[in-house]
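Q: When you get a sec, could you give me coordinates for this:
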Amino acid sequence: MSIVCEDLAQYGVVLIPPSAPEFDALVLNISNRLASRPRGGPPVDDEPFAFGSEDNRKASALLLNQANRAIVSIAYIWHVRLAHRDGRVVTHSCLPGTNASVLLPFELNDRVKKFDYYWKTIFPGSKRLIQFGGQMLGDNTDVRPPEPGELWHGGFVSWGGGKECEGRKPVKLTLDGIFFEDGGFAAPDRLGAWEQTVSAAEAYLEVAALAREAQRSGMPPADFFLRMRTLTGQPEEGRLPAPPPPGPSVGPCDPAPLRERERGMVGWRALQMRAHMSDETAIENIANWSDNLVPRFHKL
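A: Prediction:
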């Protein structure tokens, strides 16, 4: 049985199931491009070239960006049938997280911002293979080659990775939330991707404003960090905020735990900066978060 795809075609984001006649040719194009990825792009492991098995082929779908702007963040839900459990269907969700990105550039230098924009977004006209239990494969070389400033000439670690999927058969893929580069958000948003990203951006900017105030007023660093911890709800230095409880398989999720988690994560990152540099330097770097241009978040 072919995978059912629930996409956001009304916003220009289309899913193609493996049963579609064009699927194999598009996957082959992705694989060939990965095999010839230019030096300075993210490293590629052997996973894309082991994609030929029928089981892997059936457990995937292609995403096409037919919108007129780049996609910068995706949340999606796999609906999975469990083997040996009366055929029960459960969900396996993927949220984009709030690591540094086009939407949340606060801890990135200009070089990394340029690299991330090319390699961690989906340009108009580009495509990606979404695998259940694997990475999202593909890059923007199917639209244009990278410019010199979009390549990396130092060491870095690959991101992504697979999940164990033995005994689980995906039957449906649902796009739950898409952020475009201008801050536009298309969704049903059962997973809370909107709240997650917007809360993080607000917390970064509030902490940056507090750091600017501390610099102007001559506030002692200890007082700043105490106020920052109160503002973000980060009670202990060095302790990661607890993850929010799993959301429901059908939405909407409760936004409050997501908001609390993201604010706490910003506080944790500020304290990590303090742990690795002087208080004055950390406050200066935190204040500089306010210099970043953030998109105007809006729901489509």
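Q: State the pLDDT value of the residue most central in space within the chain.
A: Centroid-nearest residue in the chain: residue 96, 2.9 Å away (criterion: C-alpha atoms, centre = their mean). Per-residue confidence at residue 96 stands at 70 (pLDDT).
Q: Could you measure from it over to residue 22?
A: 27 Å (C-beta to C-beta, to the nearest Å). C-beta coordinates here come from the backbone N, C-alpha and C atoms, glycine included.
Q: Repeat that for residue 132.
A: 20 Å.
Q: So for the two, which residue has more residues nearby?
A: residue 132 (23 against 10; other C-beta atoms under 10 Å).
Q: so that one makes contact with residue 92?
A: Yes - if you go by C-beta atoms under 8 Å, residue 132 and residue 92 touch, sitting 7.2 Å apart.
Q: got the buried residues for the helix or strand hosting residue 210?
A: Using DSSP states H and E, residue 210 maps to helix 193-217. Of all the residues in helix 193-217, those buried under the rule 16 or more other C-beta atoms under 10 Å are 193-208, 210-212, 214.
Q: which element follows that helix toward the C-terminus?
A: Assigned by DSSP H and E, the successor of helix 193-217 is helix 221-232.
Q: Contacts for whatever helix or strand comes next after that next one next, please.
A: Using DSSP H and E, the helix or strand that follows helix 221-232 in sequence is helix 255-276. For helix 255-276, contacts defined as C-beta atoms under 8 Å, 6 or more residues apart in numbering pick out 98, 107, 192, 195-196, 199-200, 203-204, 207, 225, 228-229, 231-234, 237-245, 282, 285-286.
Q: What's the separation between residue 260 and residue 216?
A: Counting by C-beta to C-beta, the gap from residue 260 to residue 216 is 29 Å.
Q: sorry, that was for residue 294
A: In this view, residue 294 and residue 216 are 22 Å apart by C-beta to C-beta.
Q: Equivalent analysis for residue 194, please.
A: Counting by C-beta to C-beta, the gap from residue 194 to residue 216 is 33 Å.
Q: again with residue 145
A: Counting by C-beta to C-beta, the gap from residue 145 to residue 216 is 46 Å.
Q: what's the answer for residue 298, then?
A: Separation of residue 298 from residue 216 (C-beta to C-beta): 32 Å.
Q: how about low-confidence regions in this protein?
A: Along the chain, the parts satisfying pLDDT under 70 run over 1, 45-55, 82-89, 97-100, 153-168, 237-238, 244-252.
Q: Do you have the strands of this protein handy? List them.
A: 4-6, 13-16, 60-65, 71-82, 89-94, 127-131, 136-137, 168-180, 184-186, 298-299 (DSSP state E).
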